[in-house]
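Trainee: Structure of the sequence below:
(2 chains)
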Number of protein chains: 2
Amino acid sequence: MNQELPEMLERMGRQARAAAYQLAKLSTAEKNAILFEMAECLRAEQNEIIAANVYDLTAAASRGLSGALLDRLHLDEARVEAMAVGIEQIAALPDPVGQVLESWTRPNGLKISQVRVPIGTIGMIYESRPNVTADAAALCFKAGNATLLRGGSEAISSNLAIALALGKAGAPEHAIQLIPCTDRESVALMAGMDRWLDLIIPRGGKGLIETVVSLARMPVIKHYDGICHLWVDEHADLDMAVRIAVDSKIQKPGVCNALETMLVHAAIAPTFLPKVAAALRGKNVELRVCEKSIAILTDAILAEEDDWSAEYLDLILSVRILDSTEEAIDHINHYGSHHTDVIVTEDASMVQKFFSGVDSACVFHNASSRLADGGEFGFGAEIGISTDKLHARGPMGLRELTSYQYRASGAGQLKGEP
Amino acid sequence: MNQELPEMLERMGRQARAAAYQLAKLSTAEKNAILFEMAECLRAEQNEIIAANVYDLTAAASRGLSGALLDRLHLDEARVEAMAVGIEQIAALPDPVGQVLESWTRPNGLKISQVRVPIGTIGMIYESRPNVTADAAALCFKAGNATLLRGGSEAISSNLAIALALGKAGAPEHAIQLIPCTDRESVALMAGMDRWLDLIIPRGGKGLIETVVSLARMPVIKHYDGICHLWVDEHADLDMAVRIAVDSKIQKPGVCNALETMLVHAAIAPTFLPKVAAALRGKNVELRVCEKSIAILTDAILAEEDDWSAEYLDLILSVRILDSTEEAIDHINHYGSHHTDVIVTEDASMVQKFFSGVDSACVFHNASSRLADGGEFGFGAEIGISTDKLHARGPMGLRELTSYQYRASGAGQLKGEP
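Mentor: Numbering: from 1, shown residues only, chains lettered A, B, ... in the order given. Have a look, this model is predicted:
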């Protein structure tokens, strides 16, 4: 291990905590002015950022990185401008800090209120895309939190250039810190720093999240797989179900709110399956179907047990015939990833059953699973879609980057007799 | 290790998950009827519970357990009745499940609501007091959660008898499960069961919490120390400050919301310190004071550095003179445990500064720190006082034992063009 790494991280953690206390004192107007300045600094340093990115791209290409991965890494003028605009959009969002969630007066006259406050310090661990450096830091900053960022090794030069630019915007010192090296040990060291980091958010593949989960002493907000289901009930509008199936599957197949499994009520399967199969195959979707379905879709591939828990992220859909909404709920709770699941039906009692039975962050009725995100929900910006059940579940906006504090005012109230 | 332990715990975890899905379907009336039945079952099995408790007490005495610890373990008719009444009080509380936190309609017509749902499954790990078995299980049950309970070895017979009684009340099978052995390994095994347990709450000493924190793969809600402060500002009502200091320190010194450190503004110290010292010493409180204070309280003990971070839980108070509210905030954030801190002042601007500067779950103005608990806040019952910042902070009631779900209803809304 890099001998100086533990000491450096400890120092950065302590600095993050001190910065958080400074940040908590800023007004909304002060935070917004700094965010607008951050956007301007990104624009002003555009050439430096792009030059650093060329360095990362060259190194990545020489290590044999492929087209899609290289594209994720790539920054040009338009992408730097998009980062700057993203920060300006964050500045325009309402500030959750200071919001009074509830207030009440106790019989003894004590006035209590529950007030949103920043979480404090947030560690972000992410992989290749360098724009996360700007997006995550700006979101956390708007909610009054100091960040300790640890990006992927492929993007280190780009990330450093972006962090350097953000740092010129007049935020409190150390409010945004990027770890300037990408030693593997830095993840384990961050995970042990519960004194300095109130929360860790890993953004990346399952392996990274698993590592953080197994090591972290502080809360971790996880963004695991999306194995999303569509249940086409017996009383579904079948044309609507076809449109929702196609949109959920093909609109962007590589993302966590794309459809992976379609469950179809036995009563409508003979009519519906040929219709939806034609539409999906017209979009090059491969179907992997259960034994009952293959009697209807004779040319489909037979699904194996693993297909029911697969997150394809590709133009593949598993299909299963079931006899009731109860069976659909059981299938979804057993094989799903508790992300987003959809029922198409005209029967309100089935909607209620589905909503209260499916243990997922988002349950939809007659709408595409692709609408499960912070932008579509109107949150304005999103740090991710949490698959956790505590603190933040589903699309996470600014509000989920805050904690709360109880503030009570009295006139000398005591517990016992004076 | 007990060879069958991993298999047994895995089975219990799977059963807890299945029970949670059954529990989620119960109406408030059904849950309340079961809770009242649980109270009746405790009363009906009172003799069996007390007999089991005698067995635990005898074993504990033979291992040399001391008076206070034996008393914590002890159950008699009155204490069984208190457990039963506690459950009836929980039944009478409003059900948080199903509450609509927010609802809105998007420009595309999608109607979204954020609805409280149970967390699912909760692991409780606790030490000697057997009443926790009934209290924790009933609170979790009311919020729709299945529990896996792991009590301390000293109370195993009492806990088993209580769990047996609760189990006769007609709750869904496995809704409340007590691990029937107390091998040390069971804590580590529970901590690894993130597939089956959504949350672990350790209740007990710092050692237990530390162990769970370092092993757990799922969220942990922690109840760490309370190093509570009182800041007596220059514009304090000094008589009120004396009353609050005495109540906060002596009303029940062994609990987490008792006062441990008093900070006094230099401008009023010469008047205030002799007054408060007389009152505290009248209640046998030992004062450990800073160098500046000793010039005023010449017969006090000089505090050492460790005193500022000590949770005495005893009739001892550390005292320090500072020059401003800013210095008090810095002291509290540095040495405190972010639990409950109090300012006494008549200056509203100092209250605002203190509230937004002190990074603690509860910040109080002109009131005793002993009022920081769920009962005093009006939550009706409390599972503990969380020192975490995520999900639950400060006094935790039923509401903090829930998660939420986004439910969206549409008319065929898609992400892309149809």
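Trainee: and the biggest helix by length in chain A, which residues are buried?
Mentor: Longest helix of chain A, by residue count under DSSP state H: helix A:5-23. For helix A:5-23, the neighbour count (16 or more other Cβ atoms under 10 Å in any protein chain shown) marks A:8-9, A:12-13, A:15-21, A:23 as buried. (C-beta placed from N, C-alpha, C; glycine too.)
Trainee: wait, which of the residues you listed is closest to chain B?
Mentor: Chain B has its nearest neighbour among the buried residues of helix A:5-23 in A:Y21, at 6.3 Å by Cβ to the nearest Cβ.
Trainee: Show me what the longest helix of chain A is packed up against.
Mentor: Contacts defined by 3 or more Cβ pairs under 8 Å, 6 or more residues apart in numbering or on different chains; DSSP states H and E place helix A:5-23 against strand A:121-126, strand A:146-150, strand A:176-178, helix A:185-191.
Trainee: before we move on, back to that, in CSV, list the buried residues of helix A:5-23 along with distance to A:G170 and pLDDT.
Mentor: As requested, the buried residues of helix A:5-23 are exported to CSV (distance: Cβ to Cβ, whole Å; pLDDT from 0 to 100):
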residue, distance to A:G170, pLDDT
A:M8, 25, 95
A:L9, 25, 96
A:M12, 20, 97
A:G13, 23, 97
A:Q15, 17, 98
A:A16, 18, 98
A:R17, 20, 96
A:A18, 17, 96
A:A19, 13, 97
A:A20, 17, 96
A:Y21, 17, 95
A:L23, 12, 95
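Trainee: Which secondary structure element is home to A:S157?
Mentor: For A:S157, the host element (DSSP states H and E) is helix A:156-166.
Trainee: Return the angle between stretch directions for that helix and strand A:146-150.
Mentor: Helix A:156-166 and strand A:146-150 are oriented at 160 degrees to each other (axes from the mean of the first three to the mean of the last three Cα atoms, to 10 degrees).
Trainee: Other residues contacting helix A:156-166?
Mentor: For helix A:156-166, contacts defined as Cβ atoms under 8 Å, 6 or more residues apart in numbering or on different chains pick out A:38, A:41-42, A:44-45, A:48-49, A:51-53, A:55-56, A:73, A:75, A:83, A:130, A:133-134, A:137-138, A:149, A:151, A:176-178, A:180-182.
Trainee: what mean pLDDT does that helix have?
Mentor: Averaged across helix A:156-166, pLDDT comes to 97.
Trainee: Show me which residues of that helix are buried.
Mentor: When burial is assessed from 16+ other Cβ under 10 Å, helix A:156-166 yields the following buried residues: A:156-163, A:165-166.
Trainee: ok and that helix relative to strand A:121-126, angle-wise?
Mentor: Helix A:156-166 and strand A:121-126 meet at an angle of 150 degrees, taking the same axes, to 10 degrees as the criterion.
Trainee: pull the CA atoms of helix A:156-166 into CSV?
Mentor: Extracted in CSV, the C-alpha atoms of helix A:156-166 (Å, rounded to 0.1, in the frame of the first residue of the first chain):
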residue,chain,number,x,y,z
ILE,A,156,-8.2,10.5,-12.8
SER,A,157,-6.7,13.3,-14.9
SER,A,158,-10.1,14.5,-16.1
ASN,A,159,-11.5,14.3,-12.5
LEU,A,160,-8.6,16.3,-11.1
ALA,A,161,-9.0,19.0,-13.7
ILE,A,162,-12.8,19.2,-13.0
ALA,A,163,-12.2,19.3,-9.2
LEU,A,164,-9.6,22.0,-9.7
ALA,A,165,-12.0,24.1,-11.7
LEU,A,166,-14.8,23.7,-9.1
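Trainee: so how far is it from its chain's centroid?
Mentor: 22 Å (Cα atoms, centre = their mean, to the nearest Å).
Trainee: gap between A:Q46 and A:A161?
Mentor: In this view, A:Q46 and A:A161 are 10 Å apart by Cβ to Cβ, to the nearest Å.
Trainee: hang on, A:A411 packs against B:S368?
Mentor: No. A:A411 is beyond contact range of B:S368, at 11.8 Å (criterion: Cβ atoms under 8 Å).
Trainee: And those two? Which one has more around it.
Mentor: B:S368 (31 against 13; other Cβ atoms under 10 Å in any protein chain shown).
Trainee: Between the two ends of stretch A:121-132, how far is it?
Mentor: Length of stretch A:121-132, first residue to last, Cα to Cα, to the nearest Å: 17 Å.
Trainee: Can you tell me which of the contacts of helix A:156-166 are buried?
Mentor: A:38, A:41-42, A:45, A:49, A:52-53, A:56, A:73, A:75, A:83, A:130, A:133-134, A:137-138, A:149, A:151, A:176-178, A:181.
Trainee: Can you flag which of these belong to helices?
Mentor: Going by DSSP H, the helices hold A:38, A:41-42, A:49, A:52-53, A:56, A:73, A:83, A:133-134, A:137-138 from the buried ones among the contacts of helix A:156-166.
Trainee: out of those residues, who's nearest chain B?
Mentor: A:A137 (19.5 Å).
Trainee: who's in contact with that closest one?
Mentor: A:124, A:147, A:149, A:163, A:166, A:176.
Trainee: gap between the closest residue to the last one other than its chain neighbours and A:L75?
Mentor: If the residues on either side of it in the chain are set aside, A:I176 comes closest to A:A137, at 4.5 Å by Cβ to Cβ, 6 or more residues apart in numbering or on different chains. Distance, A:A137 to A:L75, using Cβ to Cβ: 16 Å.
Trainee: Next: A:D95.
Mentor: Look at A:D95 and A:L75: by Cβ to Cβ, they are 29 Å apart.
Trainee: and what of A:I294?
Mentor: 48 Å.
Trainee: How about A:W231?
Mentor: A:W231 is 42 Å from A:L75, by Cβ to Cβ.
Trainee: How about A:G13?
Mentor: According to Cβ to Cβ, A:G13 stands 29 Å off from A:L75.
Trainee: Next, A:S403: secondary structure please.
Mentor: Classification of A:S403 using DSSP: H, G, I helix; E, B strand; the rest coil returns strand.
Trainee: Distance of it relative to chain B?
Mentor: 4 Å (Cβ to the nearest Cβ, to the nearest Å).
Trainee: now that residue, nearest residue through space, not along the chain?
Mentor: B:K389 (4.2 Å).
Trainee: Need the pLDDT of the one you found.
Mentor: Reading off the model, B:K389 has pLDDT 93.
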